[in-house]
Structures are given as structure tokens and as C-alpha cells.
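K.L.:
Please work out how this folds:
(one chain, ligands or ions: 1)
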Amino acid sequence: MMYPYQINTIEQYYQDYKHSIEEPELFWANIANHFLWHKKWDEVLEWNFTEPRVEWFKGARLNITENCIDRHLDSIGNQPAIIWEPNDPQDSSRIITYNQLYNQVCRVSQVLTNLGVKKGDRVCIYMGMVPELAFAVLACARIGAIHSVIFGGFSAQSIADRLADAQAEFIITCDGAYRGAKDIPLKSVIDDALTGNTTVKKVLVYTRTRIPVSMINGRDVWWEDEMEHAELNNAVHFQATSMDAEDPLFILYTSGSTGKPKGVVHTQAGYMLWANYTFINVFQYKPGQIHFCTADIGWITGHSYVLYGPLSAGATTVMFEGVPTWPDAGRFWDIVDKYNVNILYTAPTAIRSLMGFGLAPLQGKDLSSLNVLGSVGEPINIEAWQWFNKNIGKGNCPIVDTWWQTETGGIMISNLAGVTPHKPAYATLPLPGVLPVLVDEQGKELQGNSVNGNLCIKQSWPATIRTTYRDHERCRTNYFAAYPNKYFTGDGAMRDELGNYRITGRVDDVLNVSGHRIGTAEVENAINMHSGVVESAVVGYPHDIKGQGIYAYVILEDKGHEAELMRQNIIQTVVRIIGPIAKPDKIQFVSGLPKTRSGKIMRRILRKIAEGETSNLGDTTTLLDPGVVDEIKDGAKLV
Ligand code: WT7
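P.N.:
Sure, this is the predicted structure:
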């Protein structure tokens with residue numbers, strides 16, 4: 001497969017960028033022409049950011065899986081689509097060619113159809129990182145069902161909330177999942193999530209760990225049995241459903257500044273183009289190369305750069321079931337060595353955690369196949385950047401620092417590997433189609449360079465968030481109302497004298513813990529569920545490995561309890577309500593919170609104390625009870 005729209009020089013980048021902004025319709029139509037359509041579009045783009053309403057390739061019909069699989073079969077059917085590396089390096093790996101991927105996806109599509117899954121149905125997927133997860137996602141897309149993948153680190157309660165919000169009718173899960181030394185009982189978590197659920201009709205269970213599970217008669221069925229039946233039905237070819245360009249492809253839940261996660265909706269054609277275009281250009285993928293994105297498919301990074309981006313480009317994508325530090329901290333390097341990985345895309349938190357193990361885990365690992373390194377999820381600090389560059393890239397690999405969000409579907413601001421220059425700690429330049437602006441608090445656009453402001457996007461790109469599921473108003477108020485006619489990212493950024501962007505972090509009450517987005521309000525809600533808690537306030541603080549840690553200030557009803565036990569109880573409550581990913585790192589018991597006379601918690605003060613700052617707390621005269629600040633300051637020393 002060739003990529004006529006791959007940018008090869010910096011001059012071409014500037015030229016394409018200009019073209020994409022001045023004539024977006026022409027620019028994207030030229031690219032869209034390289035895809036497989038059942039019917040081409042009547043119109044390339046219609047959009048306004050006030051409702052918001054965004055429609056790309058209106059009137060066109062297609063199926064994304066034909067673009068990810070079928071169209072490659074003649075040319076590269078026998079080449080690996082997915083290389084799967086198991087959690088335990090002693091177990092065998094699996095290599096799935098495009099031909100095999102086609103067969104598997106067709107069969108799973110038949111299985112799902114046999115279970116009653118139809119176009120438009122919501123299918124929740126809660127699986128470990130096994131190839132069957134990829135088959136399941138793609139089978140949904142082939143049928144036209146809307147997949148909603150939930151990361152394995154979420155609790156039964158979180159799943160229940162998402163199932164209810166999405167009104168999901170089907171679940172695909174595993175008995176269990178291996179992650180490092182842990183064995184996560186996925187099906188059992190699903191069983192808990194289903195207590196009281198009224199929408200789910202069928203649960204399809206793939207066997208991975210062979211832990212005992214309870215299969216409910218009439219509801220739960222085994223993947224293996226169903227696959228056998230599908231084969232008996234001779235489901236070699238499964239006709240892909242013809243989808244409208246603007247039909248939803250998936251829902252992915254993400255945290256915001258309110259207590260409730262939002263179901264971000266992406267649609268068929270625009271998302272497909274964006275995942276493909278950004279993959280090919282940012283990583284400068286060349287046919288035959290091995291791409292390894294370490295993200296879990298439960299996050300948008302896994303959707304776009306383990307699955308849809310690479311597969312739509314006919315690439316070979318590595319899917320890793322395990323964790324970077326088990327059985328030892330050389331796991332990523334073993335994988336790079338074993339499969340001659342060319343592109344390694346990972347998160348700063350993983351780099352920082354591996355840095356802590358020193359250079360010993362790199363001993364004897366041949367990393368010379370690497371051409372391109374990538375970073376995503378949070379700002380990459382200079383130390384991590386340099387370590388990555390020196391010890392992994394051996395000074396020879398461009399590092400792409402890719403800024404984007406669940407809502408943007410794919411990479412928005414990044415250097416293009418080896419084509420546009422990298423600059424440590426900078427995401428650098430916007431991709432063609434992306435028009436970023438910085439605004440001040442009043443919404444005034446900041447002109448020129450060397451300015452700092454809130455990052456907005458002023459023009460629709462193909463994978464613009466379309467809506468938040470079943471609540472369009474929420475989408476509008478969250479993203480499109482803060483600044484008229486602009487998409488507000490929630491991030492702060494600065495622009496240097498060359499127009500490079502440096503993302504400085506969230507400006508709303510959203511934390512970034514190990515590259516995962518967690519709303520402070522969500523954690524507070526969870527803590528407040530504990531019967532002994534009167535009130536709580538959660539802020540982030542700098543954490544050496546996680547980027548941000550979770551710091552909770554908690555007022556207890558009865559101070560007589562043993563503090564350590566209460567701490568454990570509260571952590572347990574958060575694990576129950578949200579999941580292990582939202583565990584507070586620090587809990588400080590306080591007798592009051594710094595509030596203004598109108599009752600608003602002054603988080604600025606709490607953030608500073610959590611950061612270890614004790615002197616410059618700013619103006620505290622407007623506080624209802626300024627005395628509480630001294631108490632909190634003193635208490636913080638003991639946390
Ligand atoms: C938030 C989005 C995008 C996939 C992974 C996270 C932060 C993401 C970078 C980067 C600085 C970054 C932002 C953004 N972020 N990439 N390269 N430099 N910050 O997706 O869970 O939707 O989180 O992650 O704060 O808003 P997400």
C-alpha cells in the first residue's frame with residue numbers, strides 16, 4: 001500500500017498545512033478518494049461550532065472494516081496485521097495475518113449477528129488485551145454496532161453507570177485477564193455490574209485465564225461455542241453493513257470536570273480518515289514496518305494507534321497483553337528486539353517508571369530496529385525525553401510528542417517524525433486540518449508568539465467530537481460554550497517564537513494520573529460515599545512517576561477512628577466506586593476546608609499545600625475561616 005498523502009518534507013508540510021486551512025473541502029476530498037466507499041459524498045463538510053453540528057462526507061456510505069481489512073487482502077493478505085505478545089514471555093505469541101484477521105472478524109460478526117446484534121446497537125467490550133478484543137471491536141464495526149470499550153481498571157459500579165448511559169444491550173468480556181502478576185476476574189466484575197441492569201440481553205465470554213465463572217442461563221454464552229456454530233454455518237464471508245459517513249462508530253467514556261464521565265461519540269468516515277492520516281504522517285510509517293503502540297485498547301490511544309490507524313494503513317501492529325515491568329523491567333525492550341519493532345509509541349509515565357530501573361534491563365537488548373519514538377498522554381518532562389532519546393533511540397530516532405484527546409479522535413499537534421523538527425517538551429506544530437488558537441480568560445485571541453493561554457481549536461477537523469452520547473447539550477456546554485465558535489480543549493498552552501506549541505496541562509479540575517484522565521469531582525463523589533466522610537476536596541500534586549498524584553483532603557464525621565484504617569476504608573471505597581486507577585495517593589484528614597464566604601472551596605490553596613508550598617498561598621483574606629489554612633499546612637507535613 002502506498003500513501004500518496006504522506007508528507008515527506010518540511011516544505012510540503014507548510015504547503016499542505018496552508019492548503020488544508022484555506023481549502024479544507026478540497027484537501028480532504030483528495031485524501032478521501034484513496035479510501036473504499038460504497039457511495040461517495042454529496043458534500044465534504046458542513047459545520048458550525050455553536051450547536052455544535054459537524055458533518056463530514058455527508059451522504060457517503062462505507063464500512064470502516066473494509067478499509068482496515070478487505071482492501072488489503074489482494075496485496076498483503078499474507079502479511080501480519082497483528083502481532084500479539086502475551087503477558088507471560090514463556091507463552092507463545094500469535095501472529096494474525098490480514099487474511100486471518102478477515103476470517104476472524106467475519107466469524108465474530110456472524111456470532112454477534114446470531115446473538116441478535118444489529119446496526120446501531122451498543123456493545124460494551126470489557127476484555128484484556130487479547131487478539132479477540134481486536135476481532136470484537138472490528139466485528140462491531142463490520143455490523144455497524146456501536147462499540148464502547150471499557151478499560152479493565154474500572155470497577156463494576158463504573159461499568160454499570162456506562163452500561164446504563166449507553167443503554168448497552170450486549171457485552172463481550174473474558175473470564176479473566178492477565179496483567180503482570182495479577183489475574184483480573186473480568187467476568188465476575190461484569191456480573192456485579194449487571195445486578196439490577198435491565199438493558200443487557202447477552203454476554204459473550206472469551207476464555208483466557210480459566211478462572212471459574214458463573215454463566216447465567218439464557219444470558220451468558222461462551223465465545224468458543226458460538227464461534228464453532230458460526231463456522232458450521234460456514235460464515236466465511238460476512239457482508240459488511242453499509243454505513244452512513246455520520247453514523248456513530250463508537251462511544252468512549254472519558255472524565256471531565258463534572259462528577260459523571262461523558263460518552264464521547266465518533267463517527268465513521270471522519271474518524272477513519274483522521275486515524276489513518278495522522279498515523280501515516282506523524283509516525284512516517286513505511287509499508288512493512290512494525291508499529292508498537294503500548295496503550296490499552298480501553299483508551300482512545302489504543303483505538304486509534306493500535307487498531308484503526310495502523311490497520312487502515314495496512315500496517316503491522318503489535319498488541320501487548322502485559323505490563324512494562326513484569327516479569328522484569330526489560331519487557332518493552334524484549335518486544336522491540338524480538339519483533340524488530342520500528343516505531344515505539346508510549347507514555348511518559350511508562351518511560352519514567354522504566355528510568356527508575358536504570359540501564360540493566362537494556363543489557364543485551366538489540367534496539368537497532370527502532371526508527372521512530374513517540375510519546376502521548378501528558379507533557380513529557382525533559383529528563384524523560386532525554387533518557388528516551390539517548391538510551392532507547394540511541395540519539396538516532398526522532399521523538400514525536402503527540403498532543404491530542406479522546407474528543408479529537410487522533411493526534412492534533414505533533415512533529416512529523418524526521419520531517420518537522422522535534423523540540424523537547426513541545427508538541428510543536430499543528431497537523432494539517434488543525435487550527436489552534438490561544439485565548440485569554442475573556443476569550444480574546446492572543447496574537448503573535450511567546451504567549452500563554454487556553455488552547456482552543458477554531459476549525460472542524462474530520463474527527464471532531466460529534467456529541468456526548470444521548471446528551472448533546474452536555475457536549476455543547478462542555479466544549480463549545482466557553483468561547484464562541486471554538487472548541488475548548490481544557491488545556492493551557494504556550495506558543496514560542498517559531499509557532500511551536502507547548503502544552504502546560506489542564507486548566508480545569510481534571511487530573512492526569514499516569515496518562516489517565518480523572519475528574520477531581522468524580523473522586524470526591526466516590527470518597528463522599530463512605531459513611532464516615534462529611535466532605536472532601538481532591539487536587540493533583542506533582543508525582544515523580546505518575547505525573548500527577550491524587551491528594552484528598554477529607555473531613556471525617558467522627559475523629560475518634562483510627563486514621564490508618566479510615567485511610568484504607570476510603571481507598572477501598574474509591575476502588576469500589578471508580579476502580580483502582582483512581583486510588584488517592586495521599587489522604588489528609590482535616591477539620592475544615594478553605595472556603596469563601598459564598599461556600600466555594602478555594603482549590604488554589606489546597607493545590608499549593610499539596611505541592612509542598614507553604615509560604616506563597618496568595619490572598620486568604622476572603623476566606624470564611626483563615627485559621628483552617630494553618631491547620632491544613634501543619635497537617636500536610638505529616639501526610
Ligand atoms: C489530555 C487528554 C490523547 C491520548 C491520551 C490521553 C493530555 C495528551 C499530551 C501531550 C501534553 C497531553 C492533555 C489532554 N495530553 N497528550 N503530548 N502533551 N499533554 O487522552 O484521556 O483524552 O486525555 O491528556 O491534558 O487534554 P485523554
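K.L.:
what about V213, distance to I190?
P.N.:
9 Å (C-beta to C-beta, to the nearest Å). Where C-beta positions appear, they are placed from N, C-alpha and C, glycine not excepted.
K.L.:
Residues of the stretch 301-450 of the chain that sit close to the ligand?
P.N.:
Residues of the stretch 301-450 of the chain lying near the ligand by C-beta under 6 Å from any ligand atom: 301, 376-379, 401-406, 427.
K.L.:
Out of those residues, which is nearest to Y487?
P.N.:
Comparing those against Y487 with C-beta to C-beta places Q405 closest, at 10.0 Å.
K.L.:
Tell me, how many residues neighbour that closest one?
P.N.:
Counted with other C-beta atoms under 10 Å, residues neighbouring Q405 total 18.
K.L.:
which residues does it contact?
P.N.:
Q405 sits next to 254, 300, 412, 489-490 when contact means C-beta atoms under 8 Å, 6 or more residues apart in numbering.
K.L.:
Ok, I335 next?
P.N.:
Applying C-beta under 8 Å, 6+ apart to I335 gives the contacts 85, 292, 318, 320, 341.
K.L.:
Same list, the residues you listed, but as TSV with secondary structure, pLDDT and neighbour count please.
P.N.:
As requested, the contacts of I335 are exported to TSV (DSSP: H, G, I helix; E, B strand; the rest coil; pLDDT from 0 to 100; neighbours: other C-beta atoms under 10 Å):
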residue	secondary structure	pLDDT	neighbour count
E85	strand	98	22
F292	strand	99	26
V318	strand	99	24
F320	strand	98	22
V341	coil	99	23
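K.L.:
For those, please prepare a markdown table with the additional fields distance to Q447.
P.N.:
Shown next, in a markdown table, are those (distance: C-beta to C-beta, whole Å):
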| residue | distance to Q447 |
| --- | --- |
| E85 | 49 |
| F292 | 41 |
| V318 | 44 |
| F320 | 45 |
| V341 | 43 |
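K.L.:
between these, which is nearest G443?
P.N.:
Using C-beta to C-beta, those come closest to G443 at F292, 41.3 Å.
K.L.:
The closest one and the ligand, how far apart?
P.N.:
Computed as C-beta to the nearest ligand atom, to the nearest Å, the F292 to the ligand distance reads 16 Å.
K.L.:
Show me what the residue nearest to that residue when sequence neighbours are not counted is bridged to.
P.N.:
Spatially, and ignoring its direct neighbours in sequence, F292 is nearest to V318 (3.9 Å; C-beta to C-beta, 6 or more residues apart in numbering). Legend: beta-bridge partners of V318 under DSSP bridges are I83, F292.
K.L.:
My guess is V318 contacts E85. True?
P.N.:
Yes: with contact defined as C-beta atoms under 8 Å, V318 counts as touching E85 (6.5 Å).
K.L.:
which neighbours do the two share?
P.N.:
Applying C-beta under 8 Å, 6+ apart, one finds that V318 and E85 are jointly contacted by 335, 339.
K.L.:
re earlier: which member of the contacts of I335 is positioned nearest S514?
P.N.:
Nearest to S514, judged by C-beta to C-beta, of those is F320 at 16.5 Å.
K.L.:
mind listing what's buried in stretch 57-73?
P.N.:
57, 60-73 (16 or more other C-beta atoms under 10 Å).
K.L.:
And stretch 285-298, by the same measure?
P.N.:
285, 289-298.
K.L.:
Just the ones of the residues you listed in strands?
P.N.:
Secondary structure assignment (DSSP state E) places 290-293 from the buried residues of stretch 285-298 within strands.
K.L.:
From I184, how far off is the closest residue to R210 other than its chain neighbours?
P.N.:
Spatial nearest neighbour of R210, chain neighbours left out: D175 (6.6 Å); criterion: C-beta to C-beta, 6+ apart. Counting by C-beta to C-beta, the gap from D175 to I184 is 10 Å.
K.L.:
Check A275 too.
P.N.:
Relative to I184, A275 is positioned 28 Å away (C-beta to C-beta).
K.L.:
neighbour-wise, which of the two wins?
P.N.:
Legend: neighbour count by other C-beta under 10 Å for A275 and I184, higher for A275 (29 against 18).
K.L.:
Secondary structure element holding that one?
P.N.:
helix 268-282 (DSSP states H and E).
K.L.:
in this structure, what spans have low per-residue confidence?
P.N.:
For the chain, the stretches with pLDDT under 70 are 1, 232-235.
K.L.:
Give me the domain ranges for it.
P.N.:
Each domain of the chain is listed here as a residue range: 10-40+247-504, 66-70+98-241, 510-636, per automatic domain parsing.
K.L.:
hmm, back to that, tell me which two of the contacts of Q405 sit farthest apart.
P.N.:
Farthest apart among the contacts of Q405 - using C-beta to C-beta - are T254 and M412, which lie 15.4 Å from each other.
K.L.:
Please identify which of the two sits among more neighbours.
P.N.:
Counting neighbours by other C-beta under 10 Å for T254 and for M412 shows that M412 has the greater number, 25 against 20.
K.L.:
Quick check: the residue of the stretch 201-350 of the chain found nearest the ligand vs Y126, distance?
P.N.:
Nearest residue of the stretch 201-350 of the chain to the ligand: T301, at 4.5 Å (C-beta to the nearest ligand atom). For T301, the distance to Y126 (C-beta to C-beta) stands at 18 Å.
K.L.:
Also A141?
P.N.:
Remark: distance between A141 and Y126 (C-beta to C-beta) = 17 Å.
K.L.:
swap in R53?
P.N.:
Distance from R53 to Y126, by C-beta to C-beta: 32 Å.
K.L.:
How about V108?
P.N.:
V108 is 16 Å from Y126, where distance means C-beta to C-beta.
K.L.:
Same drill for those two, tell me which one is more crowded.
P.N.:
V108 (29 against 26).
K.L.:
Tell me who's in contact with the more buried one.
P.N.:
So V108 contacts 132, 135-136, 138-139, 227, 230 (C-beta under 8 Å, 6+ apart).
K.L.:
how about the helices of the stretch 251-400 of the chain, start to end?
P.N.:
Assigned by DSSP state H, counting those that start in this stretch, the stretch 251-400 of the chain shows helices spanning 268-282, 300-302, 309-312, 331-339, 348-355, 382-387.
K.L.:
Bridging across strands, which residues link to the spatially closest residue to T622 that is not a sequence neighbour?
P.N.:
If the residues on either side of it in the chain are set aside, T622 comes closest to T596, at 5.4 Å by C-beta to C-beta, 6+ apart. For T596, the beta-bridge partners under DSSP bridges are L623.
K.L.:
Would you mind listing what in this structure touches the ligand?
P.N.:
Along the chain, the residues adjacent to the ligand under the rule C-beta under 6 Å from any ligand atom are 254, 300-301, 376-379, 401-406, 427, 489-491, 503, 506, 512, 517.
K.L.:
Now restrict those residues to buried residues only.
P.N.:
Neighbour-count burial (16+ other C-beta under 10 Å) applied to those gives 254, 300-301, 376-379, 401-406, 427, 489-491, 503, 506, 512, 517.
K.L.:
that older thread, now intersect the residues of the stretch 301-450 of the chain next to the ligand with the strands, please.
P.N.:
376, 401-402.
K.L.:
Just the closest of the residues you listed to A29, please.
P.N.:
T402 (25.6 Å).
K.L.:
which parts of the lengthiest helix in the chain are buried?
P.N.:
In terms of residue count, the longest helix belonging to the chain (DSSP state H) is helix 98-115. For helix 98-115, a neighbour-count test (16+ other C-beta under 10 Å) marks 98-113, 115 as buried.
K.L.:
And stretch 384-399, by the same measure?
P.N.:
384-385, 387-389, 391-393, 397-399.
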